[in-house]
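Asks: Curious how this folds, go ahead:
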Amino acid sequence: MELKEYFKETTGVGVLATASSEGKVDAAIYSRPFVLNNQTLAFIMADRLSHKNLQSNPHAAYLFLESGEDYEGKRLYLTKLKEGKGSEEENEELKERYDLACEKYKGEILFLVYFQVDEVLPLVIEVKSW
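Replies: This next block holds a predicted model:
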């Protein structure tokens, strides 16, 4: 299943992990990403620790745990590409999410941060016994 379809159809909880240039790790709950294609996605980010870490270290990981009783989901390994506005089409699709984020983070500066998807792995990999 394509990432765009997956995140449109699948509910769950996401965690974005970042680290400073000194290696100090942060993890924060994040909504599902805005998927442009299988190689690029974006998050709306407040000016907090995750965003600050990305200024000095462009690498991040996003863990998504699907709703349900099993440990189903995905791990995405990401590299920051850019910050700022997207295309008109992207902005239209993001407008509703951005408006909701603006409501939630009233008065805070928000950033649209784009990432390259470096690798996608299942949440849990089956390990065969020795």
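Asks: okay, which residue is most central for this structure?
Replies: residue 33 (4.7 Å; Cα atoms, centre = their mean).
Asks: how far away is residue 67 from residue 10?
Replies: Plainly put, residue 67 is 8 Å away from residue 10 if you go by Cβ to Cβ, to the nearest Å. For every residue, glycine as well, the C-beta is placed using N, CA and C.
Asks: which one of those two has more residues nearby?
Replies: Counted by other Cβ atoms under 10 Å, residue 67 and residue 10 do not tie: residue 10 has more neighbours, with 16 against 10.
Asks: okay but that one is in contact with residue 66, surely?
Replies: Yes: if you go by Cβ atoms under 8 Å, residue 10 and residue 66 touch, sitting 5.6 Å apart.
Asks: And the pLDDT at the nearest residue to residue 26 once chain neighbours are set aside?
Replies: Distances taken as Cβ to Cβ, 6 or more residues apart in numbering place residue 49 nearest to residue 26, at 4.7 Å, with adjacent residues excluded. According to the prediction, residue 49 has pLDDT 95.
Asks: Let me know how buried residue 49 is, in neighbour terms.
Replies: The local packing of residue 49 (other Cβ under 10 Å) involves 14 other residues.
Asks: for residue 68, same thing?
Replies: Other residues close to residue 68 by other Cβ under 10 Å number 11.
Asks: go on, residue 74?
Replies: 19.
Asks: Would you mind listing the residues in contact with the nearest residue to residue 63 once chain neighbours are set aside?
Replies: Distances taken as Cβ to Cβ, 6+ apart place residue 15 nearest to residue 63, at 4.7 Å, with adjacent residues excluded. Residues near residue 15 by Cβ atoms under 8 Å, 6 or more residues apart in numbering: 27-30, 62-65.
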